[in-house]
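Asker: Fold the following.
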Amino acid sequence: MSTVGAAFRASVPVMFGYVPLGMAFGILFQNLGYAWYYAPLMGLTVYAGAAQFMAVGLLAAQASLFEVALSTFILNSRHMFFGVSLLSRYRARGLKKLYLIFGLTDETYSLITSTHPPAGHDEQNYYLALTALNQGYWVTGCALGALFGASVQLDTSGMDFALTALFMVLMLEQWKKLREPYPFAVALLCGLMALWLFREQMLLVSIGLSISLLLLRTRIGQVAS
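Answerer: Below is the predicted model:
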């Protein structure tokens, strides 16, 4: 099997999540009155699902550029937490490495940490193929949704649940690989605690707390050994 073929096979769950979710974004973005091609263009240059959905509301409310930039930074700052763990994996140089960094999403991270390229194939090319395929799914969905939204009026209620379903599938893949309940229990407890105490900053707090506890456990294990 080729590198791209292996990457495609691994990324099929992401495709089934990104295309319909991208279509939902395209339809919502089209309703703002912009030309259809702005939706896929945003998928190419911004490529941040949650931030793009948030941008729809901000643009509808005529928010300033500073408000959009600040909100996007806060929402996507979670990538700084799990992106650090890929520094040893991303050994590509130049434009390849820059694209790997730009194209890192929650779903791509999950695939990179839970799948492997076929024997004899370059690992960096496999990561590039995964990243490019995932962005291709997203941009395709954005374009299809925008084109469809320009001609048909739809009720998009509930379409954003596709992202939640996708996260569940990826979580199950991680469980099948790790078979270690501790990280999942920590994530669940930290998420519930952050939702209760820090509702507006729930995501950042839960990620930071989870990473701190996991690092603490690793440190204690190293000292004990």
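Asker: got the residue ranges for the helices in the chain?
Answerer: For the chain, the helices defined by DSSP state H cover 3-30, 38-45, 49-60, 65-76, 79-83, 94-102, 106-114, 123-149, 161-178, 181-197, 202-224.
Asker: which one of these has the lowest average pLDDT?
Answerer: Note on these: helix 161-178 shows the lowest mean pLDDT, a mean of 69.
Asker: Quick check: buried residues in stretch 4-14?
Answerer: By neighbour count with 16 or more other CB atoms under 10 Å, stretch 4-14 contains the buried residues 4, 6-7, 10-11, 13-14. Where you see a C-beta, it was placed from the backbone N, CA and C, and this is true even at glycine.
Asker: again, but for stretch 137-148
Answerer: Residues of stretch 137-148 classed as buried: 137-147 (neighbour count, 16+ other CB under 10 Å).
Asker: nearest to residue 220, of those residues?
Answerer: Comparing the buried residues of stretch 137-148 against residue 220 with CB to CB places residue 138 closest, at 39.7 Å.
Asker: wouldn't that closest one be in contact with residue 49 here?
Answerer: Yes - if you go by CB atoms under 8 Å, residue 138 and residue 49 touch, sitting 6.9 Å apart.
Asker: so what's the closest residue to residue 133 other than its chain neighbours up against?
Answerer: Excluding the flanking residues, the one nearest residue 133 by CB to CB, 6 or more residues apart in numbering is residue 11, at 4.9 Å. Contacts for residue 11 (CB atoms under 8 Å, 6 or more residues apart in numbering) come out as 111, 130, 133-134, 137.
Asker: same thing but at 10 Å, please
Answerer: 18, 107-108, 111, 115, 129-134, 136-137 (CB atoms under 10 Å, 6 or more residues apart in numbering).
Asker: Pick out the most distant pair among these.
Answerer: Spatially, the most separated pair among the contacts of residue 11 is 115 and 136, at 17.5 Å (CB to CB).
Asker: could you measure residue 205 against residue 83, distance?
Answerer: For residue 205, the distance to residue 83 equals 18 Å [CB to CB, to the nearest Å].
Asker: who's more crowded, the two?
Answerer: Each of residue 205 and residue 83 has its neighbours counted (other CB atoms under 10 Å); residue 205 has more, 18 against 14.
Asker: returning to what we had before: which one of the buried residues of stretch 4-14 sits closest to residue 198?
Answerer: residue 14 (29.2 Å).
Asker: what's the distance between that closest one and residue 135?
Answerer: Distance of residue 14 to residue 135, computed by CB to CB: 10 Å.
Asker: what sits in contact with each of these two?
Answerer: 105, 108.
Asker: ok, back up a step: list residues touching both of residue 138 and residue 49?
Answerer: Counting by CB under 10 Å, 6+ apart, the residues touching both residue 138 and residue 49 are 17-18, 21-22, 25, 43, 105, 107.
Asker: For these, give me a markdown table that also has distance to residue 186 and neighbour count.
Answerer: Listed next are those as a markdown table, based on distance: CB to CB, whole Å; neighbours: other CB atoms under 10 Å:
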| residue | distance to residue 186 | neighbour count |
| --- | --- | --- |
| 17 | 25 | 25 |
| 18 | 28 | 28 |
| 21 | 27 | 26 |
| 22 | 31 | 26 |
| 25 | 31 | 27 |
| 43 | 33 | 27 |
| 105 | 22 | 20 |
| 107 | 21 | 23 |
